[in-house]
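>>> mind looking at a prediction? Sequence and model below.
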Amino acid sequence: MRLELPDGKILALADGATGTDAAAAIGPGLARAALAVKVDGEVRDLARPLPPSPNGQPSRLEVITNRSGDDALELIRHDTAHVLAEAVLELYPGVKISIGPPIEGGFYYDFEFPNGVVINDEDFPAIEARMREHIDADEPFVRQDVPVSEALERFAAEDQDYKVELIEDLIRNADPAHPLETVSLYTNGRFTDLCRGPHSPSTKRIKVFKLQSVAGAYWRGDSSRQMLTRVYGTAFFSQADLEEYLENLERARANDHRKLGPQLGLFTFSDVSPGAAFWLPRGTEVFNELVALSREMGRPRGYEEVKTPQIYDSSLWVTSGHWDKYRDNMFVTEYEGRQMAIKPMNCPGHCQLYSMQRHSYRDLPVRYWEPGLLHRREPGGVLHGLLRVRHFAQDDAHIFCTEEQIQDEVAGVLDFAFATYEIFGLDVRLELSTRPEQRIGADELWDRSEAALQRALEAQGLDYVVHEGDGAFYGPKIDMHMTDSLGRSWQLGTCQLDYNFPERFHLVYTGADNAEHQPVLIHRALMGSYERFIGILLEHFGGELPLWLAPVQAIVLPIADRHLDYAESVLTRLTDARLRAEVDARGESVSKQVRDAELRKIPYLLVVGDRELQDDQVSLRQHGQGDRGTVAVDDVISQLGRQVNRRSRA
RNA sequence: GCCGACGUAGCUCAGCUGGUAGAGCACUUCACUCGUAAUGAAGGGGUCCCCGGUUCGAGUCCGGGCGUCGGCUCCA
């Protein structure tokens, strides 16, 4: 067989040659360092025969070593997961093992511990020590392809119910034309696991590893099933790499908005209202700037601001379908014998508002925008700083349009979204979510809606992934996602196409034919919730918000008390120019004032002393950039003003 | 909601095996009036998350609740 190496050379080997043979043929050093081979993109064990190339062309072959980056890390992390299971089985007799894949940054393994056994991170040292023994023992990973019946018997005999279930599912899900005959098992030491592979040659290839945390995780991700104990860990080829990884994690934690927010005096939380932020004056400034941005950008795009009630009769929620599907997640109240609910979303209110007017086709699209306050009864376990709250405001709009206008409107929403994200330099990922199992409306309407959204995405040549079944109960949607400081993904914007609410609310417009027609509804939010958006922004900027958004844009630092009057006069001029500024009047040393202002990440520090006072100047210092020299007060004001007006990011 | 951990001053944390609470920062006052990342001294400040229990005695042990954190499930 012929193989093409990364440098373009062609390697000829006998048929049936293994990955080991290939590595050895290239060089003895490589053979020693080899962990696996990658053939036409598929990572395979060294010991396995290389697959015949599909079309007579040479297969592309790459030998994976510890310098192969993620491919190599994934291998040893998967190896480490096996060693973890091996150690846990020995230390906790009766434990049932389920699955243990490599993941971004590490691996996990899920266990069911025997009754009454609870483990936590205090148990890690003992488990790690046992793992270390197996690694030092240099146990080879041996692959065996065995008949399914044999595998089933084996795991049933060991009471490994989860493995039995996995094999049974593999059998069930196999292509009927090619029923499953064998499954692969990997053995290292006395431990054998059902596993697709691949693995490195032996446990000795794991250099450094660390168990990180335990967590609960449902078997097969199904909340109606057994909760297992998941142990997370990671592995690297060197101690230095591990340490760098841990330091990065630590740094990311410093950028956590839950830390930055209170630190910068933006918001806090209190037990008296879990899941709802208390916005301090500085945070409220930031919040209001974002609302102003939405308003300012929406106006020329034809959005009209409206205000709708917070609390509605349950009949409205029955009409919208929320009463059936989401009542448990709404705050319900009652007075004067009427059942009421606080709005968890704005759409029913906007539909109600639309329905109370007459609309001509000439008026469409109607675009109602409202930075509406919403409350959702989120279960306690899901709350997360500003990113998942019970009380929040959305930059929510509802577009009522004709079917012919859908393409343009969705395109307009996407343009608006990208224009917004561009201001902050945010990269978003697009997801198209299609009809969920629990839904309202005819399938034919869903067909049209999904197709329309897909066309809009493709017309603009945008990259997106499809999430089957993740749509809203009333329509499919395009979601825009961002990642937080710890790599978790959060939805910001959404654009949802809905034929259902217009029908349920009997929405109409008068067409050119003087007959009544039903409009289509587009739900959209771009920042998502202002709360979540601020959380993401704080992490994105590491707390160093751009000048236009900074809660305090400039602080005047008097060198001595005799400069206080001058400092105050500079402050007045800054404030008159609509800049958010302060004077540090504490009488501390300049060094101390500078330090504190830098820690508060205030963009500009204006130091004033005898020299500046004389010439109507300030000594300008920019956050993180140091001294910028002496500048006339008027120049500072106009310079900052320009920067604010441009909403520049620098 | 589920699994695990945690909950001490505004913040960050210390408080060993139960004997009635401590530091740094912040804050107040006084002195210093200072030229770009911490001037010094003194002082005020705590239902040790809440409710029960064990005990002569609970911040510390036990049970329940609430909240937070890490995950899982969910997220209109």
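Arrived safely. Everything numeric in this text was worked out from a predicted model, so none of it was measured.

>>> how about residue A:380, what does it touch?
A:274-275 (C-beta atoms under 8 Å, 6 or more residues apart in numbering). From N, CA and C alone the C-beta is placed, and that goes for glycine too.

>>> please enumerate the helices of the stretch 451-600 of chain A.
Secondary structure of the stretch 451-600 of chain A by DSSP state H, counting those that start in this stretch: the helices cover A:500-504, A:530-540, A:564-576, A:590-599.

>>> okay if I get those as TSV plus distance to residue A:335?
Output for the helices of the stretch 451-600 of chain A, formatted as TSV (distance: least, C-beta to C-beta, whole Å):
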stretch	distance to residue A:335
helix A:500-504	26
helix A:530-540	28
helix A:564-576	45
helix A:590-599	49
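
>>> between those helices, which one is closest to RNA strand B.
helix A:590-599 (3.0 Å; C-beta to the nearest atom of the strand).

>>> coming back round to it: can you say which of the helices of the stretch 451-600 of chain A is packed in most?
Each of the helices of the stretch 451-600 of chain A was scored by mean neighbour count; the highest is helix A:530-540, a mean of 25, by mean count of other C-beta atoms under 10 Å.

>>> of the helices of the stretch 451-600 of chain A, which is nearest residue A:15?
Residue A:15 lies closest to helix A:530-540 among the helices of the stretch 451-600 of chain A, at 53.9 Å (C-beta to C-beta).

>>> rewinding a little: format the helices of the stretch 451-600 of chain A as a markdown table; extra columns: mean pLDDT.
Below are those laid out as a markdown table (pLDDT from 0 to 100):
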| stretch | mean pLDDT |
| --- | --- |
| helix A:500-504 | 94 |
| helix A:530-540 | 96 |
| helix A:564-576 | 97 |
| helix A:590-599 | 95 |
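
>>> mind putting these into JSON lines with distance to RNA strand B?
Output for these, formatted as JSON lines (distance: least, C-beta to the nearest atom of the strand, whole Å):
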{"stretch": "helix A:500-504", "distance to RNA strand B": "9"}
{"stretch": "helix A:530-540", "distance to RNA strand B": "10"}
{"stretch": "helix A:564-576", "distance to RNA strand B": "9"}
{"stretch": "helix A:590-599", "distance to RNA strand B": "3"}
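
>>> residue of the stretch 201-350 of chain A closest to RNA strand B, please.
Residue of the stretch 201-350 of chain A nearest RNA strand B, by C-beta to the nearest atom of the strand: residue A:216 (2.6 Å).

>>> flag the shaky bits of chain A, pLDDT-wise.
The model of chain A has pLDDT under 70 over residues A:650.

>>> name whatever forms a beta bridge with the residue sitting nearest the centre point of it.
Nearest residue to the geometric centre of chain A (C-alpha atoms, centre = their mean): residue A:489, 0.7 Å. Beta-bridge pairing for residue A:489 (DSSP bridges): residue A:483.

>>> that one and residue A:467 touch, don't they?
No - assessed by C-beta atoms under 8 Å, residue A:489 is found out of contact with residue A:467, at 11.7 Å.

>>> for the residue lying closest to residue A:528 once chain neighbours are set aside, give its distance to residue A:145.
Leaving aside its chain neighbours, residue A:528 sits nearest to residue A:492 (4.1 Å; criterion: C-beta to C-beta, 6 or more residues apart in numbering). As judged by C-beta to C-beta, to the nearest Å, residue A:492 and residue A:145 stand 46 Å apart.

>>> looking at these two, which one has more neighbours?
residue A:492 (22 against 11; other C-beta atoms under 10 Å).

>>> right, and the more buried one touches residue A:478 too?
No - Residue A:492 lies out of contact with residue A:478 (C-beta under 8 Å); the separation is 11.8 Å.

>>> for the stretch 1-150 of chain A, which residue gets nearest to RNA strand B?
For the stretch 1-150 of chain A, C-beta to the nearest atom of the strand, closest residue to RNA strand B: residue A:120, 3.8 Å.

>>> what's the closest non-adjacent residue to that residue?
Counting by C-beta to C-beta, 6+ apart, the nearest residue to residue A:120 once its immediate chain neighbours are dropped is residue A:214, at 5.8 Å.

>>> ditto for residue A:12
Nearest to residue A:12 is residue A:2, by C-beta to C-beta, 6+ apart, at 5.4 Å.

>>> any idea how far RNA strand B is from residue A:589?
Residue A:589 is 4 Å from RNA strand B, where distance means C-beta to the nearest atom of the strand, to the nearest Å.

>>> what is the neighbour count of that residue?
Residue A:589 has 11 neighbours, counted by other C-beta under 10 Å.

>>> try residue A:84
If you count neighbours by other C-beta under 10 Å, residue A:84 ends up with 27.

>>> ok, it touching residue A:231?
Yes - with contact defined as C-beta under 8 Å, residue A:84 and residue A:231 form a contacting pair (6.3 Å).
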